[in-house]
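A.B. asks: Need coordinates for the below:
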Amino acid sequence: MENKFEVLQLEKTEATCRLCEDFAENALKSKTTAIVGCDGACVQGEIARRIANHLAYNKNPDEYARICLGSAITKDTGQRNLIRNLKNIVVIEGCSVKCGSRLVKAVAPRTDIKVELISSYCDWDKSLFGMNEISHAELEKIATEGADNYYNKRVITAEKSSCCG
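C.D. replies: Purely as a prediction, here's the structure:
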């Protein structure tokens, strides 16, 4: 039988970010939806990160709590508590590898995680990979339009990825 899981040994830390813990404590009382961006190192990951930020900070800051994926995955802190306990969780994915949602499911094995691929909500030159291949202004325009489309439930294309299958 084939093992379907990656097994990692993650070094523990005693370090804590008080600002992050305060944010999570307040968000647990006042927010309903956790927003995670995959935050990959390519153009697609950057678009996903920016869409998640636009949703959480511009579109509906009263409802959405922006999750720090690194904190939620690497330590059982307030960020992980948010993805476990907020009513809704949305992961904005840059590509079909879907690293963000796979990581979230590892620490919060929920069946109601909404996974959204950015290609459903925005368009860009799919031949680009590196962050140095596109201007910050163009990235911002793409992400803003993607966040608007997601928020207003406008799907522009069927879910697909430009880089991986």
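A.B. asks: Extract the residue ranges of this structure that are flagged as low pLDDT.
C.D. replies: 158-165 (pLDDT under 70).
A.B. asks: what about the residue sitting nearest the centre point of the chain, distance to Arg18?
C.D. replies: Nearest to the geometric centre of the chain sits Gly37, at 1.6 Å (Cα atoms, centre = their mean). From Gly37 across to Arg18, the span is 23 Å (Cβ to Cβ, to the nearest Å). Glycine gets a C-beta too; all of them are placed from N, C-alpha and C.
A.B. asks: and if you look at Lys114?
C.D. replies: Lys114 is 30 Å from Arg18, by Cβ to Cβ.
A.B. asks: who has more neighbours, those two?
C.D. replies: Lys114 (11 against 7; other Cβ atoms under 10 Å).
A.B. asks: I'd say the more buried one and Ile89 touch.
C.D. replies: Yes - with contact defined as Cβ atoms under 8 Å, Lys114 reaches Ile89; the gap is 6.8 Å.
A.B. asks: for the chain, longest helix please?
C.D. replies: If you go by DSSP state H, the chain has its longest helix at helix 136-151.
A.B. asks: In that helix, which residues are buried?
C.D. replies: Leu139, Ile142, Ala143, Glu145, Gly146, Ala147, Asp148, Asn149, Tyr150, Tyr151 (16 or more other Cβ atoms under 10 Å).
A.B. asks: Tell me the spatial nearest neighbour of the fourth one, not counting adjacent residues.
C.D. replies: It stands for Glu145. Cys122 (5.4 Å; Cβ to Cβ, 6 or more residues apart in numbering).
A.B. asks: where does that neighbour land in three-state SS?
C.D. replies: Following DSSP: H, G, I helix; E, B strand; the rest coil, we place Cys122 in the coil state.
A.B. asks: Same check on Asn53?
C.D. replies: Three-state call for Asn53 (three-state DSSP): helix.
A.B. asks: quick one: the helices in this protein?
C.D. replies: Going by DSSP H, the chain shows helices at 18-30, 43-54, 69-74, 78-85, 99-107, 136-151.
A.B. asks: With distance to Leu8 added, can I get those helices in a markdown table?
C.D. replies: Listed next are the helices of the chain as a markdown table, based on distance: least, Cβ to Cβ, whole Å:
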| stretch | distance to Leu8 |
| --- | --- |
| helix 18-30 | 22 |
| helix 43-54 | 20 |
| helix 69-74 | 10 |
| helix 78-85 | 16 |
| helix 99-107 | 9 |
| helix 136-151 | 30 |
